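1. mind looking at a prediction? Sequence and model below.
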Amino acid sequence: MQNIRAEMLLPASDLPEDIAFFTNVLGMRMDEIFPADDPREAVFSGHGLRLRLRKGLGTGPGILRIRADDPVLIAGGQTELTAPNGTRIEIAPLDPPVVTPPAAHRFVVRKLADKAPWIVGRAGMQYRDLIPDRLGGSIIASHIRIPDGGPVPDMVHYHKVGFQLIFCIRGWVDVVYEDQGPPIRLQAGDCFIQPPEIRHRVLHASDGLEVIEVGLPAEHVTEIEHDMDLPTPHLRPDREWDGQKFVHHQADKAVWGPFRLPGFTCRDTTIAENTRGVAGVQVVRPDGEPTVRASTDADIHFTYVMAGSLTLEGEGHPVQSLEQGDAFVIPPGMSTRYSDLSDDLELIEVTLPGQFKTQLEDKA
């Protein structure tokens, strides 16, 4: 079996100065130098990288990014440097904390009839953005579809998130999760919550699969896990990742009960309980009683129309007629009312935090 080793090639200007910088300042090791009498090349290794510096290369200097548990211990605490050969050095944390920007609150309505473009994303899946401005980067909500079913070209990976929901609205998908046993089939009406950094892999999907994915923050890193095979040997349903448990909510086993608003019933997905109140997710239906105006103090209040239709009355905004495939966000303190409810109406309500106050304002 042949040995293969890759290296980055960078230009050198004054090689003795470069050698001193890459060894003394960056703490790398010099492995080769050539030729001995008048060196034109030097090879360095360190921080998981191998570099070859060559005089007369004639290319741009490039940028070298070094990530470390404690960046202060490299280069005397400097985070931006320039080597004698012009290479820019950036030193950053290896595993920075997930930071969700404060929500830029506003009333948002996104209609399927607006024909927002479908964008091809990771693993060939198609994405439709449900919150165009993403509330200042605090949240992303996507309508995701796979038109042609079969094996999904995915690999074991994880997401650096504060919260992530996958809600199946059409078809089915098989996914395998770390410490959750054999592959699990998510069917229409079911949902997963994927705790931060749980390893998983999408395996197979039905034709016409559609899911709603909600994640915080809006832009988050997906990392490929090369060293783990799934399923893992242990079943640990009570394991927590950053204080959150994996949840598989199944529609056919759900219990319906009172909703926070008159005129509705709901099934609670238990996500608030299993995320220690980070978020709450409920499926909501009308119960035939009159509806009322209300407001909440929820920081983020996102709703997707899974079936049926309704009229959304928002304080200070034109009345909106909504139907299947539409979505909306209500800012805290804004008075709203749901009216003209179809008998088959079903809403997916996602709130952060999971517990919040609702103020009922009047009777219809």
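-> That came through, no problem. Computed from a predicted structure; not experimentally measured. Numbers count the residues shown, from 1 in each chain.
2. below-threshold pLDDT in the stretch 101-250 of the chain: ranges please.
-> 122-123 (pLDDT under 70).
3. residues making contact with the helix or strand residue 214 falls within?
-> Following DSSP states H and E, one finds residue 214 within strand 209-216. With contact meaning Cβ atoms under 8 Å, 6 or more residues apart in numbering, strand 209-216 is reached by 100, 130, 138-146, 149, 159, 161-173, 186, 302, 304, 348, 350, 352. Every residue, glycine included, has its C-beta placed from N, CA and C.
4. the strands in the stretch 1-150 of the chain, which residues?
-> 8-12, 29-34, 41-46, 49-55, 63-68, 80-82, 88-93, 108-110, 119-120, 126-129, 140-146, 150-151 (DSSP state E, counting those that start in this stretch).
5. dump the ones you listed to JSON lines, plus distance to residue 178 and mean neighbour count.
-> Shown next, in JSON lines, are these (distance: least, Cβ to Cβ, whole Å; neighbours: other Cβ atoms under 10 Å):
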{"stretch": "strand 8-12", "distance to residue 178": "33", "mean neighbour count": "18"}
{"stretch": "strand 29-34", "distance to residue 178": "36", "mean neighbour count": "13"}
{"stretch": "strand 41-46", "distance to residue 178": "32", "mean neighbour count": "18"}
{"stretch": "strand 49-55", "distance to residue 178": "29", "mean neighbour count": "19"}
{"stretch": "strand 63-68", "distance to residue 178": "24", "mean neighbour count": "15"}
{"stretch": "strand 80-82", "distance to residue 178": "37", "mean neighbour count": "13"}
{"stretch": "strand 88-93", "distance to residue 178": "24", "mean neighbour count": "15"}
{"stretch": "strand 108-110", "distance to residue 178": "33", "mean neighbour count": "18"}
{"stretch": "strand 119-120", "distance to residue 178": "27", "mean neighbour count": "10"}
{"stretch": "strand 126-129", "distance to residue 178": "24", "mean neighbour count": "18"}
{"stretch": "strand 140-146", "distance to residue 178": "21", "mean neighbour count": "21"}
{"stretch": "strand 150-151", "distance to residue 178": "20", "mean neighbour count": "10"}
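6. tabulate the ones you listed (JSON lines), appending distance to residue 292.
-> Formatted as JSON lines, these follow (distance: least, Cβ to Cβ, whole Å):
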{"stretch": "strand 8-12", "distance to residue 292": "64"}
{"stretch": "strand 29-34", "distance to residue 292": "71"}
{"stretch": "strand 41-46", "distance to residue 292": "65"}
{"stretch": "strand 49-55", "distance to residue 292": "62"}
{"stretch": "strand 63-68", "distance to residue 292": "53"}
{"stretch": "strand 80-82", "distance to residue 292": "56"}
{"stretch": "strand 88-93", "distance to residue 292": "49"}
{"stretch": "strand 108-110", "distance to residue 292": "21"}
{"stretch": "strand 119-120", "distance to residue 292": "39"}
{"stretch": "strand 126-129", "distance to residue 292": "31"}
{"stretch": "strand 140-146", "distance to residue 292": "26"}
{"stretch": "strand 150-151", "distance to residue 292": "47"}
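7. which of those strands sits closest to residue 318?
-> Closest to residue 318 of the strands of the stretch 1-150 of the chain is strand 108-110 (Cβ to Cβ; 9.4 Å).
8. grab the nearest non-local neighbour of residue 103.
-> Nearest non-adjacent residue to residue 103, counting by Cβ to Cβ, 6 or more residues apart in numbering: residue 138, 4.2 Å away.
9. who does the residue most central in space within the chain bridge with?
-> Centroid-nearest residue in the chain: residue 215, 4.5 Å away (criterion: Cα atoms, centre = their mean). With DSSP bridges as the criterion, residue 215 is bridged to residue 140, residue 164.
10. check residue 222 too.
-> residue 159.
11. does it touch residue 161 like I think?
-> No: the criterion here is Cβ atoms under 8 Å, and residue 222 misses it with residue 161 at 9.3 Å.
12. out of these two, which sits in the more crowded spot?
-> residue 161 (22 against 10; other Cβ atoms under 10 Å).
13. tell me the contacts of that one?
-> So residue 161 contacts 98, 194, 196, 215, 216, 217, 220 (Cβ under 8 Å, 6+ apart).
14. again, 10 Å this time
-> 98, 100, 140, 194-198, 215-217, 220-222, 242, 244 (Cβ atoms under 10 Å, 6 or more residues apart in numbering).
15. how about the helices in the protein?
-> Counting by DSSP state H, the chain has these helices, from start to end: 15-20, 134-137, 271-274.
16. turn these into JSON lines, columns for mean neighbour count and distance to residue 294.
-> Listed next are the helices of the chain as JSON lines, based on neighbours: other Cβ atoms under 10 Å; distance: least, Cβ to Cβ, whole Å:
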{"stretch": "helix 15-20", "mean neighbour count": "16", "distance to residue 294": "67"}
{"stretch": "helix 134-137", "mean neighbour count": "19", "distance to residue 294": "21"}
{"stretch": "helix 271-274", "mean neighbour count": "20", "distance to residue 294": "19"}
